[in-house]
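In: Sequence first, then the predicted structure, then my questions.
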Amino acid sequence: MRGMSKVSKIVVCLIGILLVASLMAMAKPAPVKVYSISEDIQNSPLGARHWNIFRFSYYNPEDPEQTHCMACHSAVKIVDDPDATIQDFVRAGDKYCIGEYEDPVTGETIFEFATATETGKYADNDFEGITCRVCHVLDKTGIALRRPDNTCTLCHGRSFNWARGSGKHVEQAFYEGQGDGYWDPSVHFTLGMKCEDCHIMNSVKHDYEVADPADMIKDARCLNCHYSAEEIAQMIETTQTRVVAALDGINRRIAAAEKLIAGGKVSEADQKLVSAAKARATFIINDFSEGAHNPQFAAKLINEANALLDKFERKATPTPALDLSDLSVYSQAQVSRLGNRHWDMLERTIFNPADPAQDGCIKCHSAVAIVDDPNAKVADFLPKGTEYCIGELEDVPAGQSPFIMSVTTRDGKYLKNRIEGITCRVCHVLSPDGHIALRRNDEMTCGICHGRTFNWNTGSGKHVELAFTQGQGSAAHGVKDMPSYHYQMGFACQDCHFMDNTKHDYEAATPEQIAANPACSPCHDAKSIGALIESVKKETTAAIAKLQPRLEKAKAYVDKNPANAEAKQLYTQAKAGVTFIENDFSHGVHNPQFAAYLLDRSNDLLDQFEKKFK
């Protein structure tokens, strides 16, 4: 820049600076790759297995079953054209297998091949495995589920084949508890939860991985029953650890048994024992959750397998049962002292073939009959070929059974619900906001079953706890109504029996829980309420004990003098008061004043009886 004036040099520098700035402004930034949801799905741990599954199937030229494989592994086949064949996906010149046979001399498997003469109509879809459109469809509301009630079960809803002891994609069958001749559904299935509720809880990822406990605890449906992520994680880990350890033991026993079978030293009957045990282990393994989808069912299958192998091995001491009942809130409810009486009530009811009253029993002992179908019959819960009672003869010839039997000609429509007794859904419903709510109001939550009216005419009645708390008298028999103080204050059964609602064991609250409850503490402290409860129980029990021998003597008199209507009436009413208290099962605690009144009444009636009829 020699020879240029100072001003010229400044001008040139400014032009240079402007030129550089202009070039920098025109330069485009390096492209940033933006991933689509589809790419995320393809590259996720499980997503890739789904998306590319057709490619893995199609690129196996020595597989004559490819057309069959496509029925589940190709979006085109699943969604568009159920009649598609492998030829529709190959290109002209591609070699593919059309069959196989065994060489009669060498025994070698020989594959037969063909070569495509033209390009298939779906050749451009040869990588389209289980893509988005298998589950989704685009409608006016956006991307919706193609099959709302069968999203995952279209592929993962196969039945386990108990005859062969095999089955792939049987996750839903395991979740529903498809046992060998029975059903033992998961608690979550009973509550109406589907696969995607856990496996696509984080719907943005679409990786099908089970939800993380930290995500579960943020979900309203889970938070109703599970109180921390740590609790859920521990429950899952404990389930899987125990199940895997139990399966390892079973598989070792099966391997030893199969060596004996291979040596030709085992009878056909014993071979069947081993096959049945292996089928149970196989079902758990093929579910791929290591028991987490249905812990109680997993434990049941494991215990059945061990029992079969014990029989095969002629083992004198049974293998200890696997118990997974300590894992969750609802499993606690099933095995608690009162909880398991509720949960298993239907199973105990319908497994009594010589009871003509079973149709009446299920009206109260089956969630299906209570919630879904009040017209359900016991036959609706039984498998084909089951003998059950439909009546009873009054005049029975010597040596003949009084029961009239029938046999089911088909599987009952509620066969899957055959052990669904008084489960969660009798009291609960999943509300639109995702919370588990009470199906009925406070009084009828328990009162739907425990709110029966006491029959003062006959002096009888079951499940009369609410009637006793209400102090249900009878004007016709001179018994005054006497509702308990707590009932008059608006307390319901669950206020005491679910004070610790994480347990769901239906046990009455302890004195300590009562004292710590803001609704109770204004009137009660732990020491005084504990002493009061024990005092009521003791006094009521002692009073009934004194009345019992007098009632027995009165009954003996009535039995000998059936025509004496007055004696029968006095005895019936004296007995009724005691029966009402006994059938309440609280030893007077539900309504102490009413219990004392009934006991005094029974005592007075027996005084009259003994004065007139010695």
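Out: Noted; the coordinates are in hand.
In: can we go C-alpha only for contacts and neighbour counts from here?
Out: Noted.
In: now residue 186, nearest residue through space, not along the chain?
Out: residue 294 (4.9 Å; CA to CA, 6 or more residues apart in numbering).
In: I'd guessed that neighbour sits against residue 173; true?
Out: No. Assessed by CA atoms under 8 Å, residue 294 is found out of contact with residue 173, at 10.1 Å.
In: More neighbours: these two, which one.
Out: residue 294 (24 against 21; other CA atoms under 10 Å).
In: Would you mind measuring from that one to residue 243?
Out: Distance, residue 294 to residue 243, by CA to CA, to the nearest Å: 11 Å.
In: again with residue 541
Out: Distance check for residue 541 against residue 243: by CA to CA, it reads 47 Å.
In: the more surrounded of these two?
Out: Counting neighbours by other CA under 10 Å for residue 541 and for residue 243 shows that residue 243 has the greater number, 25 against 15.
In: you'd agree the more buried one is up against residue 291?
Out: Yes. Between residue 243 and residue 291 a contact is recorded at 6.2 Å, counting by CA under 8 Å.
In: Quick check on the residue nearest to residue 186: phi, psi?
Out: The phi/psi pair for residue 294 (degrees, to the nearest 10) reads phi -160, psi 80.
In: Can you read off the pLDDT for it?
Out: On pLDDT, residue 294 comes in at 94.
In: cool, residue 25 as well?
Out: Taking residue 25 on its own, its pLDDT is 53.
In: got it, and the one 5 residues further on?
Out: Residue 30 carries a pLDDT score of 59 in this model.
In: likewise residue 400?
Out: 83.
In: what does residue 181 give?
Out: At residue 181, pLDDT is 86.
In: And residue 6, by the same measure?
Out: Value listed for residue 6 in the pLDDT field: 59.
In: same question, residue 118
Out: For residue 118, the pLDDT comes out at 94.
In: OK, contacts around it?
Out: Contact partners of residue 118, counting by CA atoms under 8 Å, 6 or more residues apart in numbering, are 91-93.
In: got it, and residue 364?
Out: Contacts for residue 364 (CA under 8 Å, 6+ apart) come out as 370, 449.
In: how much space between it and residue 233?
Out: Residue 364 is 36 Å from residue 233, by CA to CA.
In: For residue 571, the count of nearby residues, please.
Out: Per other CA under 10 Å, the neighbour tally for residue 571 reads 25.
In: And the helices in the stretch 1-150 of the chain?
Out: 6-26, 37-43, 47-51, 53-58, 66-73, 75, 132-135 (DSSP state H, counting those that start in this stretch).
In: any idea which of the ones you listed scores lowest on pLDDT?
Out: Note on the helices of the stretch 1-150 of the chain: lowest mean pLDDT is at helix 6-26, with a mean of 58.
In: quick one, strands of the stretch 301-450 of the chain?
Out: 387-392, 403-407, 428-430, 436-438 (DSSP state E, counting those that start in this stretch).
In: which neighbours does the first one have in its sheet, and in what orientation?
Out: Paired strands of strand 387-392, with direction, are strand 403-407 (antiparallel) (DSSP bridges).
In: what does the last one give?
Out: Sheet pairing here is set by DSSP bridges, and for strand 436-438 it gives strand 428-430 (antiparallel).
In: which residues make contact with the strand it pairs with from outside it?
Out: Defining contact as CA under 8 Å, 6+ apart, one finds that strand 428-430 is touched by 191, 221, 436-439.
In: Return the members of those residues classed as buried.
Out: Neighbour counting by 16 or more other CA atoms under 10 Å classes 221, 436, 438-439 among the contacts of strand 428-430 as buried.
In: out of those, which one sits closest to residue 100?
Out: Proximity of those to residue 100 (CA to CA) peaks at residue 221, which lies at 52.0 Å.
In: list residues touching both of residue 243 and residue 291?
Out: With CA under 8 Å, 6+ apart as the test, residue 243 and residue 291 both reach 298-299.
In: hey, where'd the helices end up in the stretch 151-300 of the chain?
Out: Using DSSP H, counting those that start in this stretch, helices in the stretch 151-300 of the chain cover 153-156, 171-176, 187-190, 195-199, 213-216, 220-223, 229-262, 268-287, 295-312.
In: Save the ones you listed as JSON lines, and put in distance to residue 322 too.
Out: Shown next, in JSON lines, are the helices of the stretch 151-300 of the chain (distance: least, CA to CA, whole Å):
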{"stretch": "helix 153-156", "distance to residue 322": "27"}
{"stretch": "helix 171-176", "distance to residue 322": "18"}
{"stretch": "helix 187-190", "distance to residue 322": "18"}
{"stretch": "helix 195-199", "distance to residue 322": "26"}
{"stretch": "helix 213-216", "distance to residue 322": "25"}
{"stretch": "helix 220-223", "distance to residue 322": "26"}
{"stretch": "helix 229-262", "distance to residue 322": "8"}
{"stretch": "helix 268-287", "distance to residue 322": "14"}
{"stretch": "helix 295-312", "distance to residue 322": "6"}
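In: comparing these, which gets the lowest mean pLDDT score?
Out: helix 220-223 (a mean of 78).
In: What is it packed up against?
Out: Based on contacts counted as 3 or more CA pairs under 8 Å, 6 or more residues apart in numbering; DSSP states H and E, there is no element that helix 220-223 packs against.
In: Tabulate the CA atom coordinates of it in PDB.
Out: The C-alpha trace of helix 220-223 is given here as PDB (Å, rounded to 0.1, in the frame of the first residue of the first chain):
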ATOM      1  CA  ALA A 220     -51.900 -40.600  39.600                       C
ATOM      2  CA  ARG A 221     -52.900 -44.200  39.000                       C
ATOM      3  CA  CYS A 222     -49.800 -45.600  40.600                       C
ATOM      4  CA  LEU A 223     -49.600 -43.100  43.400                       C
END
